[in-house]
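> Here is a sequence with its predicted model. Questions after.
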Amino acid sequence: MNTGYHHRVQRSTPILIGFTGAALLCVSAWLATPQPWGLGFAGRGNPVPVRWAHAGPAGLGAALLLVAWIMSAKCDVKAIWRRFTIWTMPLVACPPLLSKDVWAYLEQGWIVFRGYNPYEVALTSIGGPFGVFVDSYWQYTTTVYPPLALQIQGLVVALTHSHRWMALLGMRVPGVIAVVAIGLMLPRIARAVGMDEGRTLWLGLLNPLVLVHFIGGAHNDAWGIALAVTGLWIAVARPRAWVLGCVMVGLAMAIKQPLGLWLVPVALIGMKTEDIEPRQMWADNWAPALGRLAIGLGGVIIGFAVPTITSGWGIGWAAGSGSPQSAGSQSLAHTLSEVVHTVFPVSLPGAKSFVEPLILLAGMVVIARLGWSLALAEPVGFGAWGLIVFALAYPSLQPWYMLWGGVLLGAVMLGEHAIRWVIGAVAGFLVTSVSLDYAGWPIPVAQVLALGLCWLLATRIEATRI
């Protein structure tokens, strides 16, 4: 009797901790909404007490969610879905969490709904119910999002009749659907590549970054990743239909351009290769591999072309002025540019002009090296690590960018040491999310704290926990 009670308490404790963390995050999201609903948007311009009112519940909530996630590392698929459902309950009904991007989505959707070309009409330039809430970085800029993202945003605004709060909550619906779709397909992908389904779902669905940024933040990256995961699932579940999987990658790219890199795992996962060293593997398979990549690229182009053509807007996103790297960022390129600007007599834009291309080139070299060693031997591993490297090398970095490939990490052969560092990285990005967006701390301070926590967790987590 006592043993059974103790076991039930052990199972319910992380569920309660995670729900409490999510509820605190929900409180912080409400406090950070525009007045009169909350205390106003978070930012450095607010008095310190207001910033702490934003950041206090968010920091504690993120910490509790992280602890509950670590405690859930050995759960099976059913238990993970139960915890995911309970933990997301507070987050689906709260305002945007740790980001104002949703207001920009709604403004873009309103422009589309009103029949304007979103690549020619700047945000907040023609009035509307959402423009006043758009982040100052993006006001009077044109969008760089591809057409499918804008079409979905326009549909949400249309269905909610441009009502501010209904549209705000409506914008979360495609994100929740996308995350659930990712969660349904990840175990099937894991099974196909011989990985543990529970571990894959723990890293790809229950991950606090997914809950905080894809559910709470309602970022449209989730929509694109869901399409890309669907493409990979098609390739493993219906090998003869792998080209259709590449078309899905093209649709994903029509929401977020970097997701086009998913072409490689989708196109190559169906190849049968011997477990030999990369040089011999490529020597034996280079012709069929390049053939599949070429055909798959055709599928990606078709998937990307369909929403582009039907929208009638062309590729105006390529010349958009609302580029992510125009704003301050925690990216490696931005940090090094700041260092160069501080140490040498070079302006910050001047430092960025040569630091950003160098970092991006270094990232491309690393991705090419990963392609050589993993693309044939472990395509899913290449998809995961390749997109993580690209996110780190990109001139702008947001925590949810790490999920472009990070959702696949559970389907990759990771040792205990690597999993510890993944946990540490998740914690670090939670720290920067709260300290930059709500506490308004300087980027270097947030980065130092994040790196310290990452190292501490990576070296101190007990093996029995994971």
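Okay, I see it.
> and D196, backbone torsions?
Here the main-chain torsion angles of D196 (degrees, to the nearest 10) amount to phi -70, psi 130.
> Could you check how far it is from I388?
Distance from D196 to I388, counting by C-beta to C-beta, to the nearest Å: 20 Å. Every C-beta, even on glycine, is put in place using the N, C-alpha and C of the backbone.
> between these two, who's got more neighbours?
I388 (22 against 15; other C-beta atoms under 10 Å).
> ok, that one - contacts?
Residues in contact with I388 (C-beta atoms under 8 Å, 6 or more residues apart in numbering) are M402, W404, G405, G406.
> Tell me the most packed of those, by neighbour count.
G405 leads these on contacts (other C-beta under 10 Å) with 28 neighbours.
> State the number of residues packed around the residue nearest to it when sequence neighbours are not counted.
Ranked by C-beta to C-beta, 6 or more residues apart in numbering and with sequence neighbours excluded, the top spatial neighbour of G405 is L387, at 2.9 Å. Neighbour count of L387, defined by other C-beta under 10 Å: 27.
> Could you check how far L387 is from K256?
In this view, L387 and K256 are 11 Å apart by C-beta to C-beta.
> Isn't the residue nearest to G405 up against L261?
Yes. In this structure, L387 is within contact of L261 by C-beta atoms under 8 Å, at 5.5 Å.
> Report the secondary structure element holding G383.
Counting by DSSP states H and E, the element that carries G383 is helix 379-393.
> Quick check: mean pLDDT of that helix?
Helix 379-393 comes out with an average pLDDT of 95.
> cool, stretch 210-224 as well?
Averaging pLDDT along stretch 210-224 gives 96.
> now the end-to-end length of it.
14 Å (C-alpha to C-alpha, to the nearest Å).
> Could you report the neighbour count for S125?
15.
> Identify the residues contacting it.
Contact partners of S125, counting by C-beta under 8 Å, 6+ apart, are G131, Y140.
> And it, what's its pLDDT?
So S125 comes in at 89 (pLDDT).
> do H7 as well
52.
> same thing with P34?
For P34, the model assigns a pLDDT of 79.
> Help me confirm that it comes into contact with F41.
Yes. Counting by C-beta under 8 Å, P34 does reach F41; the two are 6.2 Å apart.
> okay, the two: which has more neighbours?
With neighbours defined as other C-beta under 10 Å, P34 and F41 compare such that F41 has more, 18 against 15.
> where's P349 relative to Q139, distance?
Counting by C-beta to C-beta, the gap from P349 to Q139 is 20 Å.
> Then F304?
According to C-beta to C-beta, F304 stands 29 Å off from Q139.
> Compare these two (neighbour count), which wins?
The neighbour comparison of F304 against Q139 (other C-beta under 10 Å) goes to F304, with 24 against 16.
> what's the next secondary structure element after the helix or strand harbouring that one?
Assigning secondary structure by DSSP H and E places F304 in helix 278-311. Downstream of helix 278-311, the next assigned helix or strand under DSSP H and E is helix 332-343.
> Going toward the C-terminus from that next one, what's the next helix or strand?
Counting by DSSP H and E, the next helix or strand C-terminal to helix 332-343 is helix 348-374.
> Flag every buried residue along that following helix.
Within helix 348-374, the residues that qualify as buried are A351, K352, V355, E356, I359, G363, V366, I367, L370, G371, L374, counting by 16 or more other C-beta atoms under 10 Å.
> State the mean pLDDT of that helix.
Mean pLDDT, computed over helix 348-374, is 93.
> same deal with stretch 265-284?
pLDDT averaged over stretch 265-284 gives 84.
> repeat for stretch 141-154
For stretch 141-154, the per-residue pLDDT averages 95.
> Over to stretch 291-308?
Averaged across stretch 291-308, pLDDT comes to 96.
> go on, stretch 453-466?
For stretch 453-466, mean pLDDT rounds to 81.
> contacts for it?
Identification of contacts with stretch 453-466 by C-beta under 8 Å, 6+ apart yields 70-71, 73-74, 416, 419-421, 423-425, 427-428, 431.
> how about the residues you listed in a markdown table, adding secondary structure, neighbour count and pLDDT?
Shown next, in a markdown table, are the contacts of stretch 453-466 (DSSP: H, G, I helix; E, B strand; the rest coil; neighbours: other C-beta atoms under 10 Å; pLDDT from 0 to 100):
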| residue | secondary structure | neighbour count | pLDDT |
| --- | --- | --- | --- |
| I70 | helix | 19 | 95 |
| M71 | helix | 17 | 93 |
| A73 | coil | 19 | 91 |
| K74 | coil | 12 | 91 |
| E416 | helix | 9 | 86 |
| I419 | helix | 21 | 92 |
| R420 | helix | 21 | 93 |
| W421 | helix | 16 | 94 |
| I423 | helix | 23 | 95 |
| G424 | helix | 22 | 95 |
| A425 | helix | 21 | 96 |
| A427 | helix | 23 | 96 |
| G428 | helix | 24 | 96 |
| V431 | helix | 26 | 95 |
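> Just give me the residue closest to the centre of the protein.
Geometric centre of the chain, nearest residue: W400, 3.1 Å, by C-alpha atoms, centre = their mean.
> give me every residue that touches that one.
Taking C-beta under 8 Å, 6+ apart, we find W400 in contact with L209, H213, F214, G217, H219, D221.
> Can you tell me the closest non-neighbouring residue to R164?
Once flanking residues are discounted, R164 sits nearest to P129: 5.5 Å by C-beta to C-beta, 6+ apart.
> how about the one you found, what does it touch?
Contacts of P129 (C-beta under 8 Å, 6+ apart): W110, S162, H163, R164.
> That one in helix, strand or coil?
Under DSSP: H, G, I helix; E, B strand; the rest coil, P129 falls in the coil class.
> measure it to P34 for me?
P129 is 12 Å from P34, where distance means C-beta to C-beta.
> wait, isn't V67 in contact with T20?
No. Using C-beta under 8 Å, V67 is not in contact with T20, being 10.2 Å away.
> just to revisit the earlier point, so for the residue nearest to the centre of the chain, what's the pLDDT?
Per-residue pLDDT puts W400 at 95.
> Then the one 5 residues further on?
The per-residue pLDDT reported for G405 equals 95.
> What residues does it make contact with?
Contacts of G405 by C-beta under 8 Å, 6+ apart are G383, A384, W385, G386, L387, I388, F390, A391.
> can we see that at 10 Å?
G405 sits next to 225, 228, 258-259, 261-262, 265, 380-391, 412 when contact means C-beta atoms under 10 Å, 6 or more residues apart in numbering.
> cool, and A58?
Applying C-beta under 10 Å, 6+ apart, we find A58 in contact with 21, 24-29, 31-32, 42, 97-98, 212, 216, 430, 433-435, 437-439.
> Now name the helix or strand holding it.
Element membership for A58 (DSSP H and E) is helix 48-71.
> Give me the next element, helix or strand, following that helix.
helix 77-92.
> now that following helix and helix 48-71, what's the angle there?
170 degrees (axes from the mean of the first three to the mean of the last three C-alpha atoms, to 10 degrees).
> quick revisit: common neighbours of L387 and L261, please.
Listed as contacting both L387 and L261 by C-beta under 10 Å, 6+ apart are A228, I367, W404, G405.
> In helices, which of those residues appear?
A228, I367, W404, G405 (DSSP state H).
> ok, back up a step: which of the contacts of P129 tops the neighbour count?
Using other C-beta under 10 Å as the neighbour test, the contacts of P129 are led by W110, with 25 neighbours.
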